[in-house]
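K.L.:
Provided below are the primary sequence and the corresponding predicted coordinates.
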Amino acid sequence: MSTSVHTLASGLQAGNVIPFLGPRMLALCDGPDVPATPGALAQIMTAKVSVPHKIRNRLTQAAQFIENFKHRKSVVSLMNDAFAATPAPSALHRALAASGAGLFVDSWYDDTFAAALAEARPGGNWAQVQGLSQSEHFGQWFGAYDAHGLPLAEVPAAGTLLYKPIGSHAPGANYLVSDSDYVEVLTEIDIQTPIPPAVQAWRSGRSFLFLGCRFDDQLTRSFARQIMKRSSGTHWAVLPDEPTRMEARFLDEQQITRIAMPLAMFADELVSALQPALAA
C-alpha cells in the first residue's frame, strides 16, 4: 500500500483533508441504479419529454427546454423520479462517513452519501446544505437541513457538514440543473455569494481529495475552482483516465496531484488505511 494513501488517511482522520465526491463514486455501489453521468441523466429525462434531437444528450440544455415549454415542476418531477432510489453506500462511502473529516462536498444529486452519514453517525450530529435554484428560491442561494431532513434557519457553524452545491434529491428536491440555474449561480460565484460561509470557513488551509470526479467541462471546473478558493495549495484527484488538455491545465492551475489508478483499487487501499482508526 502506497505511502500517499496512508498520508491521505491520516489527513482525513485529522480533518485536514476534505473529500470532494463526484457522480462516478456510484460505480462503487450496489443497486438500485441511478444515473451516474450528466449524459445518462439527460437520456432519462428526454425519454419522457420530447426535446430537440440536438440537445437530447445535453443535460442543462434539455432541462432548460423542458422548463421553458413545460414547467419548472416538470423538471423537478423528472429529477425526483431519476433519483428516487438510493444506491447502497459502498465501503468507501462508509469509511469516509465514519472518518474525522468535518466537511464533505458531494457534487451529484443522489442521496448515497447522506445515507452513509446517517449510518455512521446515528446520533444525528451532522447537517446538510444544498444549493438552491433561483427560479424557486429567488435571493436565497442555499438551504440547510438537519440529519433528519428538517429545515434549519441557518447553516450550522460547527459540526459535520455535507455540502451539495448543485442540490440533491432529499430532503428538499433542490436541483441546479438547467442553463438558467447555472447562469444565476455562476454570475455570483466569483464573489462567493452562493457558497455558505460555513463551507468557506471549513476549507481554509485544508486540502481536497477528489473522488469520482472529472474536470472535462467548464461547469465542473468552475464549481471546483470556487469551492477550493482560499484552501491549501495541496490537493489530489483520483483520475484513472488520461486527462484531457483542459483537465490537465486545471490540475496544474489548482495544484492538484493526479492519482492515476482505478477508483475501485484506490477505494480498497484507502478503506484499508482508514480501518485501524475506525476500529479504535
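P.N.:
Sure, I can see it. Numbers count the residues shown, from 1 in each chain.

K.L.:
So Glu269 lies in a helix, does it not?
P.N.:
Yes: checked against DSSP: H, G, I helix; E, B strand; the rest coil, Glu269 lies within a helix.

K.L.:
Remind me which helix or strand the residue nearest to it when sequence neighbours are not counted belongs to.
P.N.:
Spatial nearest neighbour of Glu269, chain neighbours left out: Val5 (4.6 Å); criterion: C-beta to C-beta, 6 or more residues apart in numbering. Every C-beta, even on glycine, is put in place using the N, C-alpha and C of the backbone. Per DSSP states H and E: Val5 is located in helix 3-14.

K.L.:
picking up where we left off before, go ahead and confirm the residue nearest to Glu269 touches Ala267.
P.N.:
No: using C-beta atoms under 8 Å, Val5 is not in contact with Ala267; the gap is 10.3 Å.

K.L.:
out of those two, which sits in the busier spot?
P.N.:
The residue with more neighbours, out of Val5 and Ala267, is Ala267; 23 against 19, by other C-beta atoms under 10 Å.

K.L.:
With Ala170 as the reference, measure out to the residue nearest to that one when sequence neighbours are not counted.
P.N.:
Spatial nearest neighbour of Ala267, excluding adjacent residues (C-beta to C-beta, 6+ apart): Leu92 at 4.0 Å. Distance of Leu92 to Ala170, given as C-beta to C-beta, to the nearest Å: 21 Å.

K.L.:
Next, the buried residues of the host helix or strand of Arg225.
P.N.:
For Arg225, the host element (DSSP H and E) is helix 218-228. Residues 219-224, 226-228 are the ones in helix 218-228 that count as buried (16 or more other C-beta atoms under 10 Å).

K.L.:
can you check stretch 76-84 too?
P.N.:
Using 16+ other C-beta under 10 Å as the test for burial, stretch 76-84 gives 76-79, 82-83.

K.L.:
looking at the chain, which helix or strand does the model trust least?
P.N.:
In the chain, the helix or strand scored least confidently by mean pLDDT, DSSP states H and E is helix 263-279, which has a mean of 89.

K.L.:
coming back round to it: what residues are up against the residue nearest to Ala267?
P.N.:
Contact analysis of Leu92 by C-beta atoms under 8 Å, 6 or more residues apart in numbering lists 25, 28, 211, 267, 270-271.

K.L.:
what's the answer for Pro89, then?
P.N.:
Pro89 makes contact with 29, 97, 112-113, 115-116, 119, according to C-beta under 8 Å, 6+ apart.

K.L.:
can you pull the pLDDT of it?
P.N.:
With respect to pLDDT, Pro89 scores 98.

K.L.:
Around the spatially closest residue to Ile166 that is not a sequence neighbour, how many other residues sit close by?
P.N.:
Among residues not flanking Ile166 along the chain, Leu176 sits closest, at 4.3 Å (C-beta to C-beta, 6+ apart). By other C-beta under 10 Å, the residues close to Leu176 number 25.

K.L.:
next one: the one 4 residues further on
P.N.:
For Ser180, the tally of surrounding residues (other C-beta under 10 Å) stands at 18.

K.L.:
same question, Ala264
P.N.:
12.

K.L.:
List the residues that contact the residue nearest to it when sequence neighbours are not counted.
P.N.:
Nearest non-adjacent residue to Ala264, counting by C-beta to C-beta, 6+ apart: Leu28, 6.2 Å away. Residues in contact with Leu28 (C-beta under 8 Å, 6+ apart) are 90-93, 212, 263-264, 267.

K.L.:
With Gln255 instead?
P.N.:
So Gln255 contacts 233-235 (C-beta under 8 Å, 6+ apart).

K.L.:
hmm, which two among the buried residues of helix 218-228 are most spread apart?
P.N.:
The distance between the two most remote of these (C-beta to C-beta) is 14.9 Å, for Leu219 and Met228.

K.L.:
need the strands for the stretch 1-150 of the chain, in chain order.
P.N.:
Using DSSP state E, counting those that start in this stretch, the strands of the stretch 1-150 of the chain run over 17-21, 103-106, 126-131, 142-146.

K.L.:
average pLDDT across the helix or strand following the last one?
P.N.:
Toward the C-terminal end, the helix or strand that comes next after strand 142-146 (DSSP H and E) is strand 151-152. With pLDDT averaged residue by residue, strand 151-152 scores 96.

K.L.:
following strand 151-152, which helix or strand comes up?
P.N.:
strand 160-164.
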